[in-house]
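A.B. asks: Sharing a model that was predicted from the sequence below.
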Amino acid sequence: MTATRAVPWSGRPGARGQFRPELLYLGWGWAAPADPGLPPVPPLRVEPDQVSPDWLAAQRREHARLSRPARLTAVAAAAAAATASASWLSGWLPAGLALLAGCLAVAGAALSCLRLWRGRRALTGQVRAEEQRVAAFQAAQRDDLAAQRQEYGRQLRGWQQQAAAFARRPHWHPVTLPVGVRRVDVAGGTLAGWSALLTTMAIARLASGGEVTVLDLTDGGVAADLITLARQQGVGPLVWALPADLPQLDLGADFGAELMADVLARTAAAASPASGEPPDTARDAALLRRVLGALGDGATLRQLTAALRAVGQIGGPPDHLRSAELAPDQLARLATLAGRGAEQFVIERAWTLEAALAVLSPLATGQVSQPASALRIAGLDGRVGPLAGSALAAYLVIAFTEVVRGSRSGAAWQHAVFVLGAERLPADVLDRLCDAAEITATGLVLAYRSIPPQIRDRLGRGDSAVAVMRLGNAADARLAAEQIGTEHRFVVSQLTDSVGMSVSDAVGGSYTSTVSTTDSVASSLSVTETAGRSHGRGHSRAGGFGPFASAGGTASRDESWSAALSDATSMSTGINAGTSWGATTSRTVGLTGSAARAAQRTREFLVEPHELQRLPHSAVVLCYPGPGGRTVALADANPAIMTLPTAALAARAAPDEHPPAGRGPRSPMGVRPG
């Protein structure tokens, strides 16, 4: 046996932590830490105070008004002195009287000048006092501004530290399931949303060393993004596009006759159109066991369908011999298969079984090798009719269920199985698959595009979690709202809304096979042939479905898959190319310089039917059992979030969570986990 290796994860260095292997990651929730807010405002530059020119002018005007009498008195005294002197000189006044008048005038002028000088000195003192007061104010302002600038510098350094810590701190935290929950029912969703959810869950499982098996029954190539990302991470996924790759698919080829008859009978019952009476699978299984017994050991499905044509008398014996599928002795044993009176019933059932199982006749008819891969994907390519597609889908799930039932129990989610489009399966097929997964501790994710009656009764049964995505039908949305509870309020981030609006609602194209037929000649020279098909599908790997191949096979790889570019291009029209999730996310967060505020919340909503009908493509409303009852959370399944520098990969373990210890068991895929 070949041990599978863990997937190398080349996320950005900013993404912190590692995926925990015992948890299932369904997406990320926005929980930003305390925002440091806006930076502190720098202190305003204030012009220093000056002596007011208006005040100075007012003081001068007041001084001039108060000194006007003294000035007039001085002028009058000077005039009187001059008049007395002139009168004495002209002889009008005697000398004594003129001298007396002149002395009195000079004394009056001197007193007036003294008053003027004192007034001027008082004005000068007031101006000087005002200048000193203003200078004191200026010194106080300078000291206050220096203190404000020092405080602003301290606040700015603190804000820068908080902003740097805020930018480094994870804003997106993983939304995981408790350890005890091993089944998820996904209700609703678009193909683009399923692609995001599948990529997020599967990459986390692969990165933690687990195994992933995807059964895509949607005809939409939902796992195309997962295949692209896995190849970028160095994982070679094994992909089977059915029915073209049925010859390389050996699922159920090693079943015994009893088990194969039971599987084929239930497949025919599940693929048959619904009728008034339930199909009698017990009689069909008995008939198939007898036909296989008549064919002998090593009978293939091609021989079985040829035998059913012979038993049902579809064509004559010459036609059966010319088909080269049946030998004469086998035809002889088949001719005596039905007893007397049972011919008509056997013929009718042979017709029904041959019509239902004819599409499976190429199963395991080619040479199949057994490569080892942690990622295995089997899906319908949409090139068959509805009846043949139903038969292929039913056989995939029923046969895989028996493989799971025959495996040993393992650690929680060590092996994760994804069944997409499970609403097209009957109730008994779903029940048996869920029982097998529960018995063997296999992680199971069932995705339903709609909620028909058989799904309605099983949605969220037991300890399973319910993940609700966008629902188009009003009745389904009402049922999902009742399942979750309409009292819950959630916040959708701007990133979730922006990416959801930019992703198309349809996924076109189909899978590109990674298996081919390897033939060898008698000499030592080996020849590798790549089967060519008219629809242009490229084959790039040699090998069969690893989990269902016989032991001891070898893998022959051809890493050149340029022929598959046409399928990848058609895929890009539906989901904006495999890398669009990361490109869209980076553009959304990088619109502004403040990435934290660019991804803030945009709207709140209550869990109501009309809100579930307009959820973003990658939004998931999760309801799962917790310690205190059912827990409800909102997650974004955008796989590009894990590459953001503000996303944390590791989820903290709860105190009551203890990962299972011991050696990992052998998985049901024929390889032991690494």
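C.D. replies: Structure received. Residues are numbered from 1 along each chain as shown.
A.B. asks: Give me the packing partners of whichever strand or helix holds residue 71, helices and strands only.
C.D. replies: Using DSSP states H and E, residue 71 sits within helix 53-90. Contact partners of helix 53-90 among helices and strands, from 3 or more C-beta pairs under 8 Å, 6 or more residues apart in numbering; DSSP states H and E: helix 95-168. Where C-beta positions appear, they are placed from N, C-alpha and C, glycine not excepted.
A.B. asks: Pull out the buried residues from stretch 427-434.
C.D. replies: Buried residues in stretch 427-434, counted by 16 or more other C-beta atoms under 10 Å: 429-430, 432-434.
A.B. asks: how about TSV for these, with distance to residue 216, pLDDT and secondary structure added?
C.D. replies: Output for the buried residues of stretch 427-434, formatted as TSV (distance: C-beta to C-beta, whole Å; pLDDT from 0 to 100; DSSP: H, G, I helix; E, B strand; the rest coil):
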residue	distance to residue 216	pLDDT	secondary structure
429	16	94	helix
430	16	94	helix
432	20	94	helix
433	15	95	helix
434	19	94	helix
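A.B. asks: which residues of the stretch 351-500 of the chain fall in strands?
C.D. replies: Remark: strands assigned in the stretch 351-500 of the chain by DSSP state E, counting those that start in this stretch are 375-380, 415-420, 443-448, 465-468, 489-493.
A.B. asks: quick revisit: so for the helix holding residue 71, mean pLDDT?
C.D. replies: The average of the pLDDT scores along helix 53-90 is 83.
A.B. asks: now the angle from it to helix 95-168?
C.D. replies: Angle, helix 53-90 to helix 95-168, by axes from the mean of the first three to the mean of the last three C-alpha atoms, to 10 degrees: 170 degrees.
A.B. asks: Any buried residues in helix 53-90, and which?
C.D. replies: By neighbour count with 16+ other C-beta under 10 Å, helix 53-90 contains the buried residues 59, 63, 67, 70, 73-74, 77-78, 80-81, 83-85, 87-88.
A.B. asks: Just the closest of these to residue 107, please.
C.D. replies: residue 77 (7.8 Å; C-beta to C-beta).
A.B. asks: How about the contacts made by that closest one?
C.D. replies: 105-109, 112 (C-beta atoms under 8 Å, 6 or more residues apart in numbering).
A.B. asks: now swap in residue 431 and tell me
C.D. replies: Applying C-beta under 8 Å, 6+ apart, we find residue 431 in contact with residue 458.
A.B. asks: about what we covered before: take the strands of the stretch 351-500 of the chain and lay them out in JSON lines including distance to residue 476.
C.D. replies: JSON lines is the format used below for the strands of the stretch 351-500 of the chain (distance: least, C-beta to C-beta, whole Å):
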{"stretch": "strand 375-380", "distance to residue 476": "23"}
{"stretch": "strand 415-420", "distance to residue 476": "17"}
{"stretch": "strand 443-448", "distance to residue 476": "9"}
{"stretch": "strand 465-468", "distance to residue 476": "9"}
{"stretch": "strand 489-493", "distance to residue 476": "19"}
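A.B. asks: Tabulate those (a markdown table), appending mean pLDDT, mean neighbour count and distance to residue 259.
C.D. replies: Converted to a markdown table, these look like this (pLDDT from 0 to 100; neighbours: other C-beta atoms under 10 Å; distance: least, C-beta to C-beta, whole Å):
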| stretch | mean pLDDT | mean neighbour count | distance to residue 259 |
| --- | --- | --- | --- |
| strand 375-380 | 93 | 26 | 19 |
| strand 415-420 | 95 | 25 | 19 |
| strand 443-448 | 95 | 25 | 21 |
| strand 465-468 | 92 | 24 | 31 |
| strand 489-493 | 69 | 17 | 47 |
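A.B. asks: and of those, who's closest to residue 154?
C.D. replies: Minimum separation from residue 154 across the strands of the stretch 351-500 of the chain (C-beta to C-beta) falls at strand 489-493, 33.8 Å.
A.B. asks: sorry, back to before: quick one, which of the contacts of residue 77 are buried?
C.D. replies: Buried residues within the contacts of residue 77, counting neighbours by 16+ other C-beta under 10 Å: 105, 108-109, 112.
A.B. asks: now the helix holding residue 71, how far from the centre of its chain.
C.D. replies: 96 Å (C-alpha atoms, centre = their mean, to the nearest Å).
A.B. asks: which residues of the stretch 151-300 of the chain fall in strands?
C.D. replies: Ranges of strands within the stretch 151-300 of the chain are 172-176, 183-187, 211-216, 238-242, based on DSSP E, counting those that start in this stretch.
A.B. asks: Make CSV out of these and add distance to residue 253 and mean pLDDT.
C.D. replies: Output for the strands of the stretch 151-300 of the chain, formatted as CSV (distance: least, C-beta to C-beta, whole Å; pLDDT from 0 to 100):
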stretch, distance to residue 253, mean pLDDT
strand 172-176, 37, 87
strand 183-187, 28, 94
strand 211-216, 17, 95
strand 238-242, 13, 91
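A.B. asks: List just the nearest of the buried residues of helix 53-90 to residue 479.
C.D. replies: Nearest to residue 479 among these is residue 59, at 89.2 Å by C-beta to C-beta.
A.B. asks: Wait, that closest one touches residue 124, no?
C.D. replies: No - applying C-beta atoms under 8 Å, one finds residue 59 not in contact with residue 124, separated by 10.3 Å.
A.B. asks: ok, now how distant is residue 103 from residue 380?
C.D. replies: The spacing between residue 103 and residue 380, counted by C-beta to C-beta, to the nearest Å, is 136 Å.
A.B. asks: Quick one: end-to-end distance for stretch 444-456.
C.D. replies: Stretch 444-456 has its terminal residues 18 Å apart, counting by C-alpha to C-alpha, to the nearest Å.
A.B. asks: Stretch 405-417 now?
C.D. replies: OK, stretch 405-417 end separation, C-alpha to C-alpha: 13 Å.
A.B. asks: Now it: buried residues?
C.D. replies: For stretch 405-417, the neighbour count (16+ other C-beta under 10 Å) marks 405, 407, 410-417 as buried.
A.B. asks: Give me the domain ranges for this protein.
C.D. replies: By the assignment in automatic domain parsing, the chain contains the domains 25-31+171-253+363-521+531-643, 53-142, 257-360.
A.B. asks: What is the end-to-end distance of the shortest one?
C.D. replies: Okay, so that is domain 53-142. Counting by C-alpha to C-alpha, you get 22 Å between the two ends of domain 53-142.
A.B. asks: gap between it and the chain center?
C.D. replies: Relative to its chain's centre, domain 53-142 lies at 93 Å (C-alpha atoms, centre = their mean).
A.B. asks: How about stretch 180-200?
C.D. replies: Using C-alpha atoms, centre = their mean, the offset of stretch 180-200 from its chain centre is 10 Å.
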